[in-house]
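Peer 1: need a structure here:
(2 chains)
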Amino acid sequence: MPLKTIKTDTAKALTLEWILHVKSYRLKLDRDNCVGCQICYYACPKEAIKIESQPKTQGEKTKKAKIDIDLAKCNFCGICDILCPYGAIKVTLNGEHNLSVIEKESFPQLVRDIQVDASKYPADRVKREEVCPLNLIGITWLSTDGRAVENVRSLSKKKRKELKVTINVEKENCPCCRICEFKCPEGVLRVRKFFHGRIAINPEKCPEGCMDCLDVCPITGALYFSDEDNKVHVDETFCVYCGACKAVCPIEDALELKRTRIVHTPVHSGAWNKALERLTSPVEMAKELKAKGSRKLMESVEKRFEWKATHHA
Amino acid sequence: MPEKTVEAEEPRIGVFVCQCGSHIASVIDVEDLTKYAKTLPNVVYAENMNHPCSRQGQAEIIAAIKKQRLNRIVVAGCSPRLYEPTFQRCVSQAGLNPFLFEMANIREFSSYCHQNTPKEATEKAKDIAKMAVAKARLIKPLKPVELPVVKKAMVIGGGIAGINAALDLADMGFKVYLVEKTETIGGHMALLDKTFPTLDCSICIEGPKMVDVGRHPNIEIISFADILKVDGHVGNFTVKIRKNPRYVLAANCTGCGECRDACPIEYPNPSDMKLGVRKAISVPFDQAVPLIYTINKDYCIECYKCVDACGARQAINFDQKPEEVEVNVGAIIVAIGYAMNNPEDMECYGYGKYENVFTALEFERLILAAGPTGGKVIRASDGQKPHSVAFIQCVGSRDINKYEYCSGFCCMYTLKHTVMLKEKYKDAIQVYVFYNDMRSNFKGYEEFFNRAQKSGVNFIRVKLENRRITEDPKTKNLTVYAETEDGEPVKAEAEMVILANAAVPAKTAVDLAKILNIPLSKDGFFAECQPKIRPTDVEVPGIFLAGACQGLKDIPYSVAQGSGAAAQAATVLSKGTWIVEPIVAQVNEELCSGCRICGFACSYNAIDFEKVGEKELAKVNDGLCRGCGICGSACPMDAITMPHYTDEQIVAQVRSVLLVRGEKP
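Peer 2: Okay, here's the model as predicted:
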């Protein structure tokens, strides 16, 4: 059988496959989880990913931008998978989600610093508010013998107090927006962002009444609409700097988004440096290199940009 | 013997009529013809003899030249293509310039084609002889053209034919550039598991030769390179080559493979027919020569893990650029091999649609111990060993709608595969071969066919038409349907099907033919000069063919032709100068207006233009001119003459035959 290269595109998922006699590679983009941000577009080392804003229909919410991946360019390296803040892309080899770029230390992983202290959660509280905008938090009550208790509400308050609570966060799909941390009165959750940056809306350029960015922003509260000036504003506390808003904004420069730092596991990799440069800026990349104190890499930066990174940093 | 000067003398023509056994004399009245020849102007001597081409005959001609003081010789006999060089040497031996000879072809033009009308045939032979005499009165001595020879050769293509050609030439002491398109030499043979009929391990017998090439002090391998341009002619070709960047410095790479182990990226390996993968920095197979790693930038993510792994050796350079080099060689051997047709376009076989249908070369990689499955023959659908395998022959070849020719080696490699399967799995596997003719016609091949039959392979002789395969969607097993020669339907169920797909000309053949200005045959392979007695020559002197690029052939014949082409190239390289027939266009500089029409007319790029004073003049490259005369007829100024075929000589011939009949020329 010759090598099969297959691309299947449905409303639910975009799947790319290489099926060889001895191996099969698969990239699956879950269109439900995908928010149409720009991270994979910038991250892809083969420039295989395209992002297109969708046509607007009168009276409907703006649709999130749509990702397309070129099968002829994709090499199934998995960098998009690693960097997707929402865990929407999965690259597998023979069905296993073990990425060679991580195993060979040629690409870092995002550090999703999410601390959960379930002991602070009052076990008798059953009425709970859904705090996660992406529904990634699950609470399970366990009886003393470790079994999951199905119907907690039917138990008496006293019985409830005997139960043990476990809190499970779907970490790999979590963009670390910190909403849970702020909303939880007991301080059960503590979250650190992995993307740092700046976002601002230029009120002069932002058209009145346009809510395109707000329509697509997956993080409730990161953007809000003000009746005072009929415009969208930003709350940087919760913004994850993913760029879903930027991808749909109809006016150039109305929305300024800059990522300045990405928290990742330590690595020594040219592919990471390039991804970082595209996701942030050459200056930010040089800063990281400087921080690493890696002279050799600094030299390569100087060679590439013909300036000394230290001058600008 | 010093050459006699005859220009000042009145022509004294001797005509020798050949009887050619009975080929001529049984139709043409040679006595009458001889008598007639004596009456022609300036003919002072005529005789007929049985075989003037024999040693005896030549001795008689030499004697007659001396005795009769002849200074122009006409032989009325067969085609000049066959015997002109012989008689030119004979005339030369008698002390005359070899171009004071003219041949009248009364055999092919008269006795052969007018066998039933001997009287008329004799009359026509007289006309032919008369024309030859009319020209002979005007022919002049010519001096041969000598070209200096660069004592180096180029072999294009590093398959088994090219390897042998390069080794033979290098062993003779000539410097050889072996230019290979891919990363390694070895060609198709390096990808095979075993060779028929001996079942020798293919790379085990080719590998040492590849290593010899790599180590030979006279051979320079230029791999991962393309031929861009070839200028010049026999004895002195200038070849422009582009070395493509490997992003690995050949001088620093030790071939250790540590970079490959560090690399995280894999891509389908074309050397494994894409059944398996190779790393973005790797070699196509372990025995590669030269053993230099290559980065495939189509897949590389530039993580620089290889740079770290390479360390102090510093062999990796991501900034490497393509490099163009120019080399001068005296002779070129073309040995670019062949390609395999993708049978996906023949839907009846289901290749590409049914998972367990393979091509023969894919099967070769499956059964190879160093292959992607480690030598396990397994199905694509479930990874299980098949209990039955069917082979289908002539898929695309011997089909007038696809490839009319027979691919030549498929019968034998299929026999090899069947014997290997049967010997490996014994009765645990059923093997069927759907064939039309079993072509096992060389040394040891028929015996090998017998061995396959004895090993229990089921050979089913079927028609080439109406063969098809269907798949059971559940089990993914396949059923082969065919018809016997009598039209009886036959079928067999098999868990795996192997197609003997057609071998086709290499993809680069068309471009290379243009670059070298050599012709292709109708089938797309390079055209040899003469299929029987000049199978390694092409129309351009100094360029030779070896291996499957001339026509499909298996390993021993590619090896032999490689050596043959090397010997041919050595006939050029061993001389200090190469002598060209002086029938090359002559430009009269007084008349030439520099209009360039001749340059456009020339098919051999033999005419350049040079500025001489105010004028630009046509200048003929003697090494490239083939003496066709097209430039002369195209020239509006009548400035180009073709020696030995001057206007004067040709007009004299035409007049001589037409005037007698009362027709105006």
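
Peer 1: what segments of chain A are helices?
Peer 2: Along chain A, counting by DSSP state H, helices occupy A:39-43, A:79-83, A:100-103, A:157-162, A:179-183, A:212-216, A:244-248, A:270-279, A:282-292, A:295-305, A:309-312.

Peer 1: in JSON lines, list those helices along with distance to B:Asp29 and mean pLDDT.
Peer 2: Heads up, the C-betas are built off the backbone N, CA and C, glycines and all. Formatted as JSON lines, those follow (distance: least, CB to CB, whole Å; pLDDT from 0 to 100):
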{"stretch": "helix A:39-43", "distance to B:Asp29": "93", "mean pLDDT": "95"}
{"stretch": "helix A:79-83", "distance to B:Asp29": "92", "mean pLDDT": "97"}
{"stretch": "helix A:100-103", "distance to B:Asp29": "89", "mean pLDDT": "95"}
{"stretch": "helix A:157-162", "distance to B:Asp29": "132", "mean pLDDT": "81"}
{"stretch": "helix A:179-183", "distance to B:Asp29": "117", "mean pLDDT": "91"}
{"stretch": "helix A:212-216", "distance to B:Asp29": "104", "mean pLDDT": "93"}
{"stretch": "helix A:244-248", "distance to B:Asp29": "98", "mean pLDDT": "93"}
{"stretch": "helix A:270-279", "distance to B:Asp29": "91", "mean pLDDT": "94"}
{"stretch": "helix A:282-292", "distance to B:Asp29": "98", "mean pLDDT": "83"}
{"stretch": "helix A:295-305", "distance to B:Asp29": "91", "mean pLDDT": "67"}
{"stretch": "helix A:309-312", "distance to B:Asp29": "101", "mean pLDDT": "49"}
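
Peer 1: of all those, which one is nearest B:Ala380?
Peer 2: B:Ala380 lies closest, by CB to CB, to one member of the helices of chain A: helix A:100-103, at 23.0 Å.

Peer 1: and the closest one, what does it pack against?
Peer 2: Here helix A:100-103 touches helix A:79-83, going by 3 or more CB pairs under 8 Å, 6 or more residues apart in numbering or on different chains; DSSP states H and E.

Peer 1: is any residue of the helix it packs on near chain B?
Peer 2: Yes: for helix A:79-83, a contact with chain B is found by CB under 8 Å from any CB of the partner chain, at A:Ile79.

Peer 1: thinking again about what came up before, wait, which of the helices of chain A is closest to B:Ala492?
Peer 2: Between B:Ala492 and the helices of chain A, the shortest gap by CB to CB is with helix A:100-103, which sits at 42.4 Å.

Peer 1: tell me, how many residues neighbour residue 213?
Peer 2: Using chain A. A:Cys213 has 25 neighbours, counted by other CB atoms under 10 Å in any protein chain shown.

Peer 1: oops, wrong one, chain B.
Peer 2: The burial count for B:Val213: 25, using other CB under 10 Å.

Peer 1: let me see the residues that make contact with the strand or helix carrying it.
Peer 2: Taking DSSP states H and E as the criterion, B:Val213 maps to helix B:202-215. If you take CB atoms under 8 Å, 6 or more residues apart in numbering or on different chains as the criterion, helix B:202-215 is touched by B:158, B:160, B:163-164, B:166-167, B:178, B:184-186, B:189-195, B:219, B:221, B:285, B:287, B:289-290, B:370.

Peer 1: lovely, talk soon.
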